[in-house]
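Student: sequence-free structure coming up:
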């Protein structure tokens with residue numbers, strides 16, 4: 001009896017994977033998603049320069065081998081992170097997203113730029129300016145006061161502050177994009 005439940009779950013996951021693959025290959029028959037296709041794939045049009053820069057940074061974080069494309073395995077990994085990733089996995093991704101210059105630390109300007117970009121796409125549910133949010137984050141988690149957030153400061157600080165964790169998680173929630181794709185998949189079945 002337990003095996004049939006596991007079997008049904010595996011069949012459901014295999015079916016879902018097949019639909020994701022079909023969607024991916026329909027949108028990019030070459031099997032490689034370019035930045036332009038990435039934006040089109042997720043319905044992101046007429047973006048401001050700031051929003052476009054954020055989407056470019058997001059694309060780069062999903063392009064794990066840095067070849068300028070997202071292949072199907074990178075796509076699946078990204079969706080898995082968005083749909084099923086744990087808090088620590090998501091925080092690691094957020095850190096990489098915020099560390100725009102790849103220095104291993106997040107400075108105020110990087111964080112402010114990303115927060116503004118995210119809000120240009122997702123809105124501002126907290127009625128707090130991007131500057132105030134950035135300052136609050138640094139005040140709370142820049143423990144050594146050097147004006148940069150190291151990976152350790154970021155991971156520990158966010159996990160220890162429920163309000164910051166909630167705010168970051170909600171501001172970077174991509175489920176509306178995933179739901180849009182799933183809706184398209186359901187209409188093509």
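Tutor: Nice, I can see it. Keep in mind it's a predicted model, so treat the numbers as computed, not measured.
Student: quick one, helices of the chain?
Tutor: Counting by DSSP state H, the chain has helices at residues 2-27, 35-41, 49-62, 72-84, 87-98, 108-122, 130-141, 151-160, 162-171, 175-188.
Student: out of these, which is the most enclosed?
Tutor: Ranked by mean neighbour count, those are led by helix 108-122 with a mean of 19 (mean count of other CB atoms under 10 Å). Glycine gets a C-beta too; all of them are placed from N, C-alpha and C.
Student: where does pLDDT dip in this protein?
Tutor: 1-17, 82-83, 121, 172-189 (pLDDT under 70).
Student: repeat that with 50
Tutor: Scanning the chain for pLDDT under 50 picks out the ranges 1-9, 12, 185, 188-189.
Student: is it true that residue 101 touches residue 113?
Tutor: No - applying CB atoms under 8 Å as the test, residue 101 and residue 113 come out as separate, 10.5 Å apart.
Student: hmm, residue 158 is touching residue 92, no?
Tutor: No - counting by CB under 8 Å, residue 158 does not reach residue 92; the two are 10.8 Å apart.
Student: for residue 155, which non-adjacent residue is spatially closest?
Tutor: residue 91 (5.7 Å; CB to CB, 6 or more residues apart in numbering).
Student: so how far is residue 106 from the one you found?
Tutor: Distance from residue 91 to residue 106, counting by CB to CB, to the nearest Å: 12 Å.
Student: which residues do those two both contact?
Tutor: Contact criterion CB atoms under 8 Å, 6 or more residues apart in numbering; residues shared by residue 91 and residue 106: residue 154.
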